[in-house]
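Asker: starting from these lines, generate the structure:
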Amino acid sequence: MKPYHLSLALFAATLTPPPPHQETARTARYMAQYSDWGHLATISTQDKLQYYITISVMAQRTTVLYFYITPMDNTVADLRSFPFASLTFSEAEVDFCRENRECQMYDPVDPRCARLTLTGKMVEVDPEEVDIMLLLVLSLPVMKKWPVGHNWFIMKLQLTLTQVWLQDWVGGVSLIPLEDYFKATPY
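Answerer: From the prediction side, this is the model:
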């Protein structure tokens, strides 16, 4: 277990193997639960990049996708102008593709090395959620050292999802119904 996995310490004792690839909703929840970071794509508001898609690497905590972010990041300006985004995870990030259940090594672009994209609206966290989420977000020791003057705040994606897209095997992608995604347990 990685030392900075507070989400794992709070929600699971050890890193469990992923569900069978046929259980797409569980696989998607597994990836959202065990990924520490992903790539967040937004529509740029920067002058020379206006309307282009830009991508940032974002740390996140738990199955509910919370982000500790500063207004100094261009992503915040993008999200305040157009709050819709896509967050992509790769199963390669949790070492499964290097040490998988069949003792084979998958290249991160192999379709059996799952990729998950969650698309929806990013919103700022309500004040009543902030205290609990700060404990999770600040579980990464490096974040405690980030400059206070940068006006960090928390945003989330989870409750406003519009699409869950998963590729976890050869033969195409799965669009997972939101109801199935939210009902699924990752372990």
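Asker: make it CA atoms for all contacts and neighbour counts henceforth
Answerer: Will do.
Asker: just say helix, strand or coil for V170.
Answerer: Using DSSP: H, G, I helix; E, B strand; the rest coil, the structure places V170 in coil.
Asker: pLDDT-wise, which helix or strand of the protein ranks last?
Answerer: Least confident helix or strand, the chain: helix 6-11 with a mean of 34, by mean pLDDT, DSSP states H and E.
Asker: which element follows that one toward the C-terminus?
Answerer: helix 24-34 (DSSP states H and E).
Asker: can you give me the strands for the chain?
Answerer: 37-43, 53-59, 66-69, 84-90, 115-121, 123-124, 153-156, 161-167, 174-176 (DSSP state E).
Asker: redo these as TSV? Include mean neighbour count.
Answerer: As requested, the strands of the chain are exported to TSV (neighbours: other Cα atoms under 10 Å):
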stretch	mean neighbour count
strand 37-43	20
strand 53-59	15
strand 66-69	21
strand 84-90	22
strand 115-121	21
strand 123-124	16
strand 153-156	18
strand 161-167	19
strand 174-176	15
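Asker: for the ones you listed, give me TSV that also has distance to F182.
Answerer: Converted to TSV, the strands of the chain look like this (distance: least, Cα to Cα, whole Å):
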stretch	distance to F182
strand 37-43	19
strand 53-59	21
strand 66-69	16
strand 84-90	17
strand 115-121	12
strand 123-124	18
strand 153-156	15
strand 161-167	10
strand 174-176	10
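Asker: dump the ones you listed into a markdown table; add distance to P147 and mean pLDDT as well.
Answerer: Formatted as a markdown table, the strands of the chain follow (distance: least, Cα to Cα, whole Å; pLDDT from 0 to 100):
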| stretch | distance to P147 | mean pLDDT |
| --- | --- | --- |
| strand 37-43 | 20 | 92 |
| strand 53-59 | 17 | 87 |
| strand 66-69 | 12 | 84 |
| strand 84-90 | 25 | 93 |
| strand 115-121 | 27 | 93 |
| strand 123-124 | 20 | 90 |
| strand 153-156 | 12 | 86 |
| strand 161-167 | 31 | 92 |
| strand 174-176 | 39 | 94 |
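Asker: I'd like the distance between the residue lying closest to E124 once chain neighbours are set aside and T88.
Answerer: Nearest non-adjacent residue to E124, counting by Cα to Cα, 6 or more residues apart in numbering: M155, 4.2 Å away. Taking Cα to Cα, to the nearest Å as the measure, M155 and T88 are separated by 16 Å.
Asker: was I right about the residue nearest to E124 contacting Y66?
Answerer: Yes. When contacts are counted by Cα atoms under 8 Å, M155 is listed as touching Y66 (5.7 Å).
Asker: where does pLDDT dip in the protein?
Answerer: For the chain, the stretches with pLDDT under 70 are 1-15, 61-64, 94-104, 136-140, 158-159, 187.
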